[in-house]
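Trainee: sequence? don't have it. structure:
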């Protein structure tokens, strides 16, 4: 395993998704899931998210739109929280999702608005 | 028809996609396609793109990732040109597409790199 | 805001989805979601659904198939109820979903049959 | 092979897609493709399209919307021609595609309008 | 109805998905869902799964990857169990899902790992 | 850059896709596309394809089904050739695609049959 890439990935994951989320993921890893956790940590967080050229805020904006299009609710919610951690305001999250309404269609946007509101409610309750 | 929204939409389309593209679209409109042209102009360009809260550059970054996920090559190419017009550098376009490689998967990213390179070649030849 | 389009949209939404659904949606609107609610009401319900050329029943048939393909369960269920309100029989809903089995594939059809049955059970219990 | 289902399927395919299209498909069948041709003829055309409960016109309307969502241009064009053969007017085809603009998103609708216009041009030239 | 194809399909479904699953499906069939049950049993299980040329294990490997791409969690879980019944080890299931991480993207793979782990936990508790 | 992973990836790419394909890809790489080429070579070919647990033939079967579902024709064709190089017979390729007909739907399978036939014709002409 490329240790440097893994360490860089863990650090970036903690910064974006928060210690609570990452600690829970690491604690939940099993023999079955550990290889995927390493794959994601190294290649997504260690490589892509550490590339220069886009700010963390820009990467979050992109992910919210892209994961709405991909129709993956679980990851979408993680990245709503990530966007807040990266300094994206709720107002900007709303704007990204308004833009998905035209390009991805109404049902996609309605779903992402519901999921984002769930994340906001959870954050407000913490 | 809401004339104000339509006029605002035409102006924004011209600013983002360029006069040549918009003039060609308007000239090509037929009885069959005219209602969709108005729908897109008013609701996408007149409404969404004119909303405050995101810069035009941010809207372009979002679109490149989202339309890659949606697998719509024709619109993708139009928005590569739009991104350049909105001041997005080729380097930033590359970064957005690198990010799609992880989230949308390799085949999606490879296709968008090919299509973006075609747009760059066309722009360079003009 | 284009008031006429909004009012026409609210009326059509009430006609298709029912007063209970629309009242709940309006009551649940927040600063975060209000703009999307207006977007959907005006452009989908006020514009598209008010266009001549297709009956409400035909629009419902189309939506059931299209939203099955889009894999958006929440909206699908709303439009099963909308189809019933528009006079589409359960037998015709079944026929549309049988057709999705070939074109969208078995897993898509199986999911929509499950969701439609849930709506029928809810309606029967009311 | 279930001969009755196959014969019923060939007859329905000829009725909807036209003799020229079906003759070309049958002539082009190879050892590689023949099993799929039989699968499609029997289960789609022989079974689904021969079911009562929806008119051929309604089945065409559904297909145009559903195949737009599925992003399958080649089949979409075949079903534009099928819709015309089933008595769907160009005006109604336009209405279905306008409805996809909201639910499937703008890029999907724009693509289907382009493809439908290509079919109309081919039909007009025959 | 083609009785032979139906009987062959029921037998194959029982072999792959298990008697408990199939008995539950048959018991739950209603006037609304019975035609789809027959469609799936005959054409998928009776025809496709009974074709020579691929082993049942190979068909399971293919389905895990394909249904991950299709984003249909309910069917995915049924086919994780089917894969185990067909002799696919948990290690091989993991390998298939690792491969989806690159081609379908990270969010798709993460979801399928979660769903597969749920099936494993259910199987272990039986 | 992790050189070992890159070298392992180049070797696997050459083995599966052939020297001609890889030489052409490397020769065509530009400043714009080079990073994606490295990403794909290292993480897909160097990591995933080099993992034990599935044979190269099994990985090819999986890819044909998965990329059909993803609707990415360009990559699909590359992996038809890769499947042949990995010892998958045309008969087995046909069986995989027959299985996509039920799960991904008819339009997806028809497209993949067409694309596979194009690859076979190219191979036969070489």
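Mentor: Sure, I can see it. Predicted model, so just to flag it, every value in this text is computed and none were measured. Numbers count the residues shown, from 1 in each chain, chains lettered A, B, ... in the order given.

Trainee: which helix or which strand is home to residue A:111?
Mentor: helix A:106-125 (DSSP states H and E).

Trainee: is any part of that helix close to chain E?
Mentor: No: no part of helix A:106-125 sits near chain E under the criterion CB under 8 Å from any CB of the partner chain; the closest distance found is 12.5 Å. (C-beta placed from N, C-alpha, C; glycine too.)

Trainee: helices or strands up against that helix?
Mentor: helix A:56-70, helix A:73-85, helix A:90-103, helix C:34-39, helix C:56-70, helix C:73-85, helix D:90-103 (3 or more CB pairs under 8 Å, 6 or more residues apart in numbering or on different chains; DSSP states H and E).

Trainee: do the shortest one and chain D meet at all?
Mentor: No: residues of helix C:34-39 are not located near chain D by CB under 8 Å from any CB, the shortest gap being 9.7 Å.

Trainee: and that helix, how far out from the chain middle?
Mentor: 17 Å (CA atoms, centre = their mean, to the nearest Å).

Trainee: does that helix reach chain B?
Mentor: Yes: applying CB under 8 Å from any CB, one finds helix C:34-39 in contact with chain B at residue C:39.

Trainee: what's the answer for the fifth one, then?
Mentor: No: no part of helix C:56-70 sits near chain B under the criterion CB under 8 Å from any CB; the closest distance found is 11.1 Å.

Trainee: buried sites along that helix?
Mentor: For helix C:56-70, the neighbour count (16 or more other CB atoms under 10 Å in any protein chain shown) marks C:56, C:58-70 as buried.

Trainee: and for stretch A:79-92?
Mentor: Buried-residue list, stretch A:79-92, by 16+ other CB under 10 Å: A:79, A:80, A:81, A:82, A:83, A:84, A:85, A:86, A:88, A:90, A:92.

Trainee: give me the domain ranges for chain A.
Mentor: A:1-51, A:55-126 (automatic domain parsing).

Trainee: and among those domains, the most buried is which?
Mentor: domain A:55-126 (a mean of 21; mean count of other CB atoms under 10 Å in any protein chain shown).

Trainee: centre of the chain to it, how far?
Mentor: 9 Å.

Trainee: next, the distance between the ends of that domain.
Mentor: Using CA to CA, to the nearest Å, the end-to-end distance of domain A:55-126 comes to 27 Å.

Trainee: and that domain, average pLDDT?
Mentor: Average pLDDT, domain A:55-126: 98.

Trainee: what separation is there between residue A:76 and chain C?
Mentor: 13 Å (CB to the nearest CB, to the nearest Å).

Trainee: you'd agree that residue is up against residue A:69?
Mentor: No: assessed by CB atoms under 8 Å, residue A:76 is found out of contact with residue A:69, at 10.2 Å.

Trainee: contact residues of chain A facing chain F?
Mentor: So far as CB under 8 Å from any CB goes, chain A lies against chain F at A:2, A:5, A:39, A:43, A:47.

Trainee: contact partners for residue A:107?
Mentor: Counting by CB atoms under 8 Å, 6 or more residues apart in numbering or on different chains, residue A:107 makes contact with C:67, C:70, C:72, C:74, C:75, D:103.

Trainee: pull the most distant pair out of these.
Mentor: The span of these, defined through CB to CB, is set by C:74 and D:103 at 13.2 Å.

Trainee: which residue, other than its chain neighbours, is closest to the residue most central in space within chain A?
Mentor: Nearest to the mean C-alpha position of chain A, by CA atoms, centre = their mean, lies residue A:79 at 2.5 Å. In this structure, residue A:79 finds its nearest non-sequential neighbour in residue A:63, 4.6 Å apart by CB to CB, 6 or more residues apart in numbering or on different chains.

Trainee: quick one: contacts for that neighbour?
Mentor: A:79, A:82, A:83, B:65, B:99, B:103.

Trainee: thought residue A:84 was touching residue A:126?
Mentor: No: Residue A:84 is beyond contact range of residue A:126, at 11.4 Å (criterion: CB under 8 Å).

Trainee: and chain A, which of its residues are near chain E?
Mentor: Residues of chain A lying near chain E (CB under 8 Å from any CB): A:30, A:32-33, A:35-36, A:39-40, A:44, A:67, A:70-72, A:74-75.

Trainee: ok so, going back, chain F: which of the contacts of residue A:63 is nearest?
Mentor: Among these, residue B:99 lies closest to chain F (CB to the nearest CB), at 10.7 Å.

Trainee: the closest one and residue E:101, how far apart?
Mentor: 15 Å (CB to CB, to the nearest Å).

Trainee: with residue A:65 instead?
Mentor: 21 Å.

Trainee: can you check residue A:87 too?
Mentor: 29 Å.

Trainee: with residue A:19 instead?
Mentor: From residue A:19 to residue E:101 the distance is 24 Å (CB to CB).

Trainee: mind putting the buried residues of helix C:56-70 in JSON lines, distance to residue C:108 included?
Mentor: Output for the buried residues of helix C:56-70, formatted as JSON lines (distance: CB to CB, whole Å):
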{"residue": "C:56", "distance to residue C:108": "24"}
{"residue": "C:58", "distance to residue C:108": "21"}
{"residue": "C:59", "distance to residue C:108": "20"}
{"residue": "C:60", "distance to residue C:108": "18"}
{"residue": "C:61", "distance to residue C:108": "16"}
{"residue": "C:62", "distance to residue C:108": "16"}
{"residue": "C:63", "distance to residue C:108": "15"}
{"residue": "C:64", "distance to residue C:108": "12"}
{"residue": "C:65", "distance to residue C:108": "10"}
{"residue": "C:66", "distance to residue C:108": "11"}
{"residue": "C:67", "distance to residue C:108": "10"}
{"residue": "C:68", "distance to residue C:108": "5"}
{"residue": "C:69", "distance to residue C:108": "7"}
{"residue": "C:70", "distance to residue C:108": "10"}
